[in-house]
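Q: The following block contains a protein sequence and its predicted model.
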Amino acid sequence: MERGSYMRTRGTILAALILLSLMLLSQSLNPPMISSLESTQFDANSDSFKAEEINWNLVQSVVKETVVFTQGLEIYDGKMYESGGLYGHSSVRSFDVGSGNPIETVNLSSDLFGEGLTIFDEEIIVLTWKSGRVLRYSLNFESNDESVIPGEGWGICSFNDMFAISDGSSKITFRDPVNMSELSFVNVEFDGNSLDNINELECFENKIYANRWYDSRIYEIDVQSGIVTGYIDLSTLVSEYGSVSNGGVLNGIAFDPSTRDLWVTGKNWSDFHRLTFVTEDNELTDDFQVNYLIGILVSISIVFPLIGSFFYSIRRPKGIQALPPLGRLGGPPNG
């Protein structure tokens, strides 16, 4: 009975240690790191609210086959869509996400200056700069009926029931996706000041992410108030891949819904860039990684000998007893 109780206790301890080891190993292989943005909680009426900088990592760059004056970027159903501007050079193209291999292209009329694009209800929606025309294409790039909006078109993105459209000012107008009638609007504010030149837009998880003309930041905007809740400083990326002298400013934002990663590019840039994001609470520090490594090594050093001892004890023939301890010189114990 004593031996049975001992073995059961030993087995329970062994099982617990194995479970602990597996938990530590699992945590080390899947650290608490997120690959997209977390919503910032704030009081829209607070004068003390300050937008927080969102940290990022560059994880992939994909070369474009053709460089364009990028105006809009979108990812939908595994494809990336990009609109390009300038009179006589405007186009809409689709690519394979990840490889950048082109799939289809449609060129706009030479009298149109292409602007931002979005995808809504299986349609590609493309703004034009000053004509007021809103172009609509099927996902196979077949032309559908057009729409019209007043004023200039700059950036556009879509939620489930509305479009968000910028016109180069601080105003973002929300419109009905079918008849383009105005539903409401917000004025963008950053740290208490109006933020104008709002350009390309991306709608993602009840936030709007916006490029600003000749600005190296992407701004995260609260839909209800227009207040900037966070910003992504991409000045290092712009300095390496962009060129202000030829209009190569940051422009083009697309979240991949399958990974929640962010793809960015710029006007006349040669690459698309995939970014991941890490919140302050989830950044992997050197101490964090060292602690996990120590935990894994300790658990292995405890569990493996116990596993070996356990299997030896249950596999040992019943008739063989353990050898008596040896003395100092290899003989029977002294005394």
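A: Cool, the structure landed. Predicted, not measured: the structure shown is a model, and the values here were computed from it.

Q: Please state the mean pLDDT value computed over stretch 267-280.
A: Taken as a whole, stretch 267-280 has a mean pLDDT of 86.

Q: try stretch 117-127
A: 95.

Q: List the contacts of it.
A: Residues outside stretch 117-127 that contact it (C-beta atoms under 8 Å, 6 or more residues apart in numbering) are 71-74, 76, 81-83, 92, 108, 114-116, 134-139, 141, 144, 149, 153-158, 163, 165, 177, 203. Just so you know, the C-beta spots here come from the backbone N, C-alpha and C atoms, and that holds for glycine as well.

Q: Of these, keep whichever come out buried.
A: 71-74, 76, 81-83, 92, 108, 114-116, 134-137, 149, 153-158, 163, 165, 177, 203 (16 or more other C-beta atoms under 10 Å).

Q: Strands - which of those land there?
A: 71-74, 76, 81-83, 92, 114-116, 134-137, 156-158, 163, 165, 203 (DSSP state E).

Q: can you pull out the strands in the stretch 201-335 of the chain?
A: Here the stretch 201-335 of the chain has its strands, by DSSP state E, counting those that start in this stretch, at 207-212, 217-222, 228-233, 250-256, 261-266, 271-278.

Q: Redo those strands as a markdown table? Include mean neighbour count.
A: Listed next are the strands of the stretch 201-335 of the chain as a markdown table, based on neighbours: other C-beta atoms under 10 Å:
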| stretch | mean neighbour count |
| --- | --- |
| strand 207-212 | 26 |
| strand 217-222 | 22 |
| strand 228-233 | 21 |
| strand 250-256 | 25 |
| strand 261-266 | 25 |
| strand 271-278 | 20 |
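
Q: quick one: which of the ones you listed is nearest residue 54?
A: strand 228-233 (4.9 Å; C-beta to C-beta).

Q: Show me what that closest one is packed up against.
A: strand 52-53, strand 189-190, strand 217-222 (3 or more C-beta pairs under 8 Å, 6 or more residues apart in numbering; DSSP states H and E).

Q: between the ones you listed, which gets nearest to residue 101?
A: Using C-beta to C-beta, the helices and strands packed on strand 228-233 put strand 217-222 closest to residue 101, at 25.8 Å.

Q: Tell me the strands beside the closest one, with direction?
A: Using DSSP bridges, the strands paired with strand 217-222 are strand 207-212 (antiparallel), strand 228-233 (antiparallel).

Q: nearest to residue 271, of the ones you listed?
A: strand 207-212 (16.3 Å).

Q: Show the average pLDDT along the closest one.
A: When pLDDT is averaged over strand 207-212, the result is 96.

Q: Also stretch 216-228?
A: Averaged over stretch 216-228, pLDDT sits at 95.

Q: Report pLDDT for residue 5.
A: pLDDT, residue 5: 57.

Q: Any chance of JSON lines for the strands paired with strand 217-222, columns distance to residue 189?
A: Listed next are the strands paired with strand 217-222 as JSON lines, based on distance: least, C-beta to C-beta, whole Å:
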{"stretch": "strand 207-212", "distance to residue 189": "12"}
{"stretch": "strand 228-233", "distance to residue 189": "7"}
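
Q: for these, which one sits closest to residue 60?
A: Short answer: strand 228-233, nearest of these by C-beta to C-beta, at 16.5 Å.

Q: Grab the nearest non-local neighbour of residue 214.
A: residue 249 (5.3 Å; C-beta to C-beta, 6 or more residues apart in numbering).

Q: for the stretch 51-200 of the chain, what are the low-confidence residue spans?
A: Scanning the stretch 51-200 of the chain for pLDDT under 70 picks out nothing.

Q: Apply 80 and report the result again.
A: 98 (pLDDT under 80).

Q: So residue 141 sits against residue 91, correct?
A: No - counting by C-beta atoms under 8 Å, residue 141 does not reach residue 91; the two are 10.5 Å apart.

Q: what's the overlap in contacts for those two?
A: Counting by C-beta under 8 Å, 6+ apart, the residues touching both residue 141 and residue 91 are 105-106.

Q: any idea how far the residue lying closest to residue 128 once chain neighbours are set aside is from residue 130?
A: The spatial neighbour of residue 128 that comes closest, neighbours along the chain excluded (C-beta to C-beta, 6+ apart), is residue 112 at 4.9 Å. Computed as C-beta to C-beta, to the nearest Å, the residue 112 to residue 130 distance reads 9 Å.
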